[in-house]
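Trainee: Fold the following and give me the result.
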Amino acid sequence: MSTIFKKVRLQKVSEEIANQIRNLIKDGKLQSGEKLPPERIFSEMFGVGRSSLREAINILETQGFVETRKRQGLYISSLSKLIISDPLRQILEEDKEKLIQLYEVRKDIELASIMAAAEHRTKADLEKIKQILKKMEVDMKNGTIGLSDDLEFHLAIAQSSHNIFRSHILKNIFDISDNDLQYVINIMVGDKANIMKLFEQHQNVFLSIEKKDSSSARMMMAEHLEWVEQKWKIFIQQHSN
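Mentor: As a prediction, the model looks like this:
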């Protein structure tokens, strides 16, 4: 019987760092696409040498939890990237009509997220959404709304639902359709009335979350997503074979 037991081994510093980062990702405290501190600052935060930190990062990169982007730094990876992969991106490139099916999945996730966010959001969650909305308001007054701000707004809501799978899968949906998303947003912001409508819809969503009114939040998000879906259908009609 003694052969089934192994001697206890003290955990290496690098493994302890890797476990800590994994747990922060699992708990939703580190989100997909979030940039991690530079190596020197990061090692000081842990109180360890750079070699131990590098070893931990290598472990996490191998496991797919983090990624190093050339000339940009270290980022949290999307946990769903193996679920939604390059072959699916290729399908969307070849058949634009499949974008509507992808948008349906996005709606399913976002409508579930908005209700959970309205119920479970924290003050910190609300402040994050509010800051994104403020930036969108400045852009609107300048006659535009950027894609990155729009996507950050929706991701912040998914993150506020405190379900890491929702936020990671939604981020990946955005990633594989980024070129088409940019094209559609360009169409919408070409009309000042659309820009104002887009901001108004985001503002209504925020106010419902702020009031913790889940039914109103869902209704506001559904109205927004259905309005955008009509823009998608126009885009697909123009680009389908």
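
Trainee: Strands along the protein, start to end?
Mentor: 66-69, 73-76 (DSSP state E).

Trainee: Which residue comes closest to Gln182 once chain neighbours are left out?
Mentor: Nearest non-adjacent residue to Gln182, counting by Cβ to Cβ, 6 or more residues apart in numbering: Leu147, 5.3 Å away. Every residue, glycine included, has its C-beta placed from N, CA and C.

Trainee: Next one: the one you found from Ser177, what distance?
Mentor: Per Cβ to Cβ, to the nearest Å, Leu147 is found 11 Å from Ser177.

Trainee: The two: which has the busier surroundings?
Mentor: Ser177 (22 against 16; other Cβ atoms under 10 Å).

Trainee: Need phi/psi at that one.
Mentor: Main-chain torsions, Ser177, degrees, to the nearest 10: phi -120, psi 20.

Trainee: Report the contact partners of it.
Mentor: Leu92, Leu99, Leu102 (Cβ atoms under 8 Å, 6 or more residues apart in numbering).

Trainee: where does Asp175 land on pLDDT?
Mentor: Looking at Asp175, its pLDDT is 84.

Trainee: quick one: average pLDDT of the longest helix anywhere in the chain?
Mentor: Counting residues, the longest helix in the chain under DSSP state H turns out to be helix 214-239. Helix 214-239 carries an average pLDDT of 87.

Trainee: Give the buried residues for it.
Mentor: Of the residues in helix 214-239, 214, 216-221, 224-225, 228, 232, 235-236 count as buried by neighbour count, 16 or more other Cβ atoms under 10 Å.

Trainee: Walk me through the domains of the protein.
Mentor: 9-76, 86-239 (automatic domain parsing).

Trainee: For the helix or strand bottoming out on mean pLDDT in the chain, what is the distance to the chain centroid?
Mentor: Across the helices and strands of the chain, the lowest-confidence element by mean pLDDT, DSSP states H and E is helix 86-94, at a mean of 73. Here the centre of mass of C-alpha atoms in helix 86-94, compared against the chain's by Cα atoms, centre = their mean, to the nearest Å, lies 20 Å away.

Trainee: for stretch 154-166, same thing?
Mentor: 7 Å.

Trainee: That stretch - what's its average pLDDT?
Mentor: Per-residue scores along stretch 154-166 average to 92.

Trainee: residue contacts, Ser167?
Mentor: Ser167 neighbours (Cβ under 8 Å, 6+ apart): Gly28, Gln31, Ser32, Ser113, Leu155, Ala158, Gln159, Ser161.
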